[in-house]
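>>> what shape does this take:
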Amino acid sequence: MDRCSQQGWQRRENSLDADVAVIWSVLWHGRMQPNRSVYQHYKNLGRPVIVIDVGALKRGHTWKIAVDNITAQGYYGHTTDLDWDRPAKLGVKLYPVRLGQPRLIIAAQHKQSFQVESLPSMEHWINQQIALARSHTDLPIVVRPHPRSALDPGLLPRDVTIEMPRPIKNTYDDFDINYDCRALINYNSGSGIQAALSGCQVIVDPSSLAAPIRTKYEDLDTLVDHDRDRWLVEICHTEYTVDEIRQGSWLKRIKTALS
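So this is what the prediction gives:
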């Protein structure tokens, strides 16, 4: 926040009358649930909300900062004035795209997240994706619930496999996932980004930050040529290390959206 002060911004803690709000996450659950009323209050006033959240590039090392949302519907200022060496600086690598093992993985999201607020339910969305997939392929389908948001298996087809995420030892809240599959299906969370980085094909909603390199159900057996190099550089401008947050480089990118 010192960098904000240096650029003429004054800090007000727990204020509902600031020009810009800053909140942690858009997961309206647990200790973060009160953030929903703060977010709605500021959006009703027509004022921007800076959202900070755990990153998808290097979890626990990089942190997402955007205006109004942490999906592609948010503003990051990440498509212009690019540093093409940034992926190397962050230690983020893009692996060659591959077809992977003959199965599809559907990665669910937390039901209380603002990211999925437009969906009738997570189970409804999953069933839609299963129907779309089966209209093009007979590949086995694996459904992975969010580790902290259970699904109702009675609302899902019986012939899909439910794969429960398992915590990875010696990490704060990382969970195992094997991206060796024909495609990972995800609405708009970090799983889609991580899978795309690993070289897995992704089927995601247009609101996902992985949307620029998404594939379609009808192209599951084809490696579609996307501009993945540019996507990698752009996506690396949506997250910051702790040192970069202190230096204020994130503020320079999103400043135009704060007026």
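
>>> show me where the stretch 101-250 of the chain has helices.
122-134, 190-198, 228-235, 242-247, 249-254 (DSSP state H, counting those that start in this stretch).

>>> need the winner for burial among the ones you listed.
Mean neighbour count (mean count of other C-beta atoms under 10 Å) peaks for helix 190-198 among these, with a mean of 24. Glycine gets a C-beta too; all of them are placed from N, C-alpha and C.

>>> quick one: work out the angle between that helix and helix 228-235.
Counting by axes from the mean of the first three to the mean of the last three C-alpha atoms, to 10 degrees, helix 190-198 lies at 140 degrees to helix 228-235.

>>> mean confidence for helix 190-198?
Helix 190-198 carries an average pLDDT of 96.

>>> Val116 is nearest to which of the helices of the stretch 101-250 of the chain?
Nearest of those to Val116, taken as C-beta to C-beta: helix 122-134 at 6.5 Å.

>>> which residues touch that closest one?
104, 106, 108-109, 111, 116, 119, 139, 141, 143, 146, 149, 151-152, 155-157, 160, 185, 187, 203, 217 (C-beta atoms under 8 Å, 6 or more residues apart in numbering).

>>> please redo it, this time with the cut-off set to 6 Å
Residues outside helix 122-134 that contact it (C-beta atoms under 6 Å, 6 or more residues apart in numbering) are 104, 106, 108, 111, 119, 141, 151-152, 155, 185, 217.

>>> mind checking pLDDT for the closest residue to Gln73 other than its chain neighbours?
Computed as C-beta to C-beta, 6 or more residues apart in numbering, the closest residue to Gln73 that is not its neighbour in sequence is Ser207, at 5.4 Å. The model reports Ser207 with a pLDDT of 98.

>>> please apply the same query to Arg144.
Arg144 is assigned a pLDDT of 97 by the prediction.

>>> relative to Gly55, which of the contacts of helix 122-134 is nearest.
Checking the contacts of helix 122-134 against Gly55 by C-beta to C-beta gives Ala108 as the nearest, at 19.9 Å.

>>> what separates the closest one from Glu123, distance-wise?
Look at Ala108 and Glu123: by C-beta to C-beta, to the nearest Å, they are 9 Å apart.

>>> again with Ile168
Ile168 sits 26 Å away from Glu123, going by C-beta to C-beta.

>>> with Arg47 instead?
From Arg47 across to Glu123, the span is 35 Å (C-beta to C-beta).

>>> apart from its neighbours in sequence, what residue is nearest Ser208?
Distances taken as C-beta to C-beta, 6+ apart put Asn188 closest to Ser208, at 3.9 Å, once the chain neighbours are dropped.

>>> these two touch, right, the one you found and Asn69?
No. Between Asn188 and Asn69 there is no contact under C-beta atoms under 6 Å: 9.4 Å.

>>> for the two, list the residues in contact with both.
Joint contacts of Asn188 and Asn69 (C-beta under 6 Å, 6+ apart) do not exist.
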